[in-house]
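Enquirer: below is the sequence, then the predicted model.
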Amino acid sequence: MLDRIARHIEMRCSVACRVSAKTDIPEYAYDERRCQYNSTTILKHLIGCCPDDVLGYLGVTHVDLFVPILKYVFGLAEMEGRCAVISMCRLRPEFYDRSPDLNLLEERVKKTALHELGHLLGLTHCKNRRCVMYSSVRIEDTDIKRADFCPTCSELFTWRVDTCVTVHGFKGSEVQG
Ligand SMILES: [Zn+2]
Ligand SMILES: [Zn+2]
């Protein structure tokens, strides 16, 4: 599935995308009180091991993620940075007592990945519910939007990719969702 998502990102972002070797479960980010994993801690870890030659570095995990102020997050990205993390935990239909559906899961992962990559490229949330940059608070939000940017976000994204290909590596701030 990660390979298919990588191809989707390549097609949408016009940059080469490779899937790195699998890493261990991020135990260092586990919060015993919440029984979830702190996405901010994972993001810091990713920033520390992000390869030099990449525009963006996206962690994909099965574990459930949170930020201290929210019950959960689907993903977290450094605004205008290079690292992001997404969780498949709440993208699985099984999480909502539905039957497993790999196609639906893949669509949701594509949307969540593109959304966080949008943040890496400096895009903020979009008011268009069909745009991939619409903020997903609930899974229904993810299902309504398309795995693509609206014309406005698309133009900005393409422009940002073009400029970031030559000027990257600057530090950004955190955004959630
Ligand atoms: Zn948009
Ligand atoms: Zn967001």
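Expert: That came in fine, so what should we check first? Ligands and ions are numbered 1, 2, ... in the order given.
Enquirer: for the nearest residue to residue 3 once chain neighbours are set aside, what are its contacts?
Expert: Nearest residue to residue 3, sequence neighbours excluded (Cβ to Cβ, 6 or more residues apart in numbering): residue 19, at 6.0 Å. From N, CA and C alone the C-beta is placed, and that goes for glycine too. For residue 19, the contacting residues are 2-3, 6, by Cβ atoms under 8 Å, 6 or more residues apart in numbering.
Enquirer: mind checking which of those residues land in helices?
Expert: Per DSSP state H, helices hold the following members of those: 2-3, 6.
Enquirer: between those residues, which is closest to ligand 1?
Expert: Sorting these by how near they are to ligand 1, with Cβ to the ion, puts residue 6 at the top with 22.6 Å.
Enquirer: quick one: the closest one from residue 48, how far?
Expert: Computed as Cβ to Cβ, to the nearest Å, the residue 6 to residue 48 distance reads 23 Å.
Enquirer: who has more neighbours, these two?
Expert: residue 6 (16 against 8; other Cβ atoms under 10 Å).
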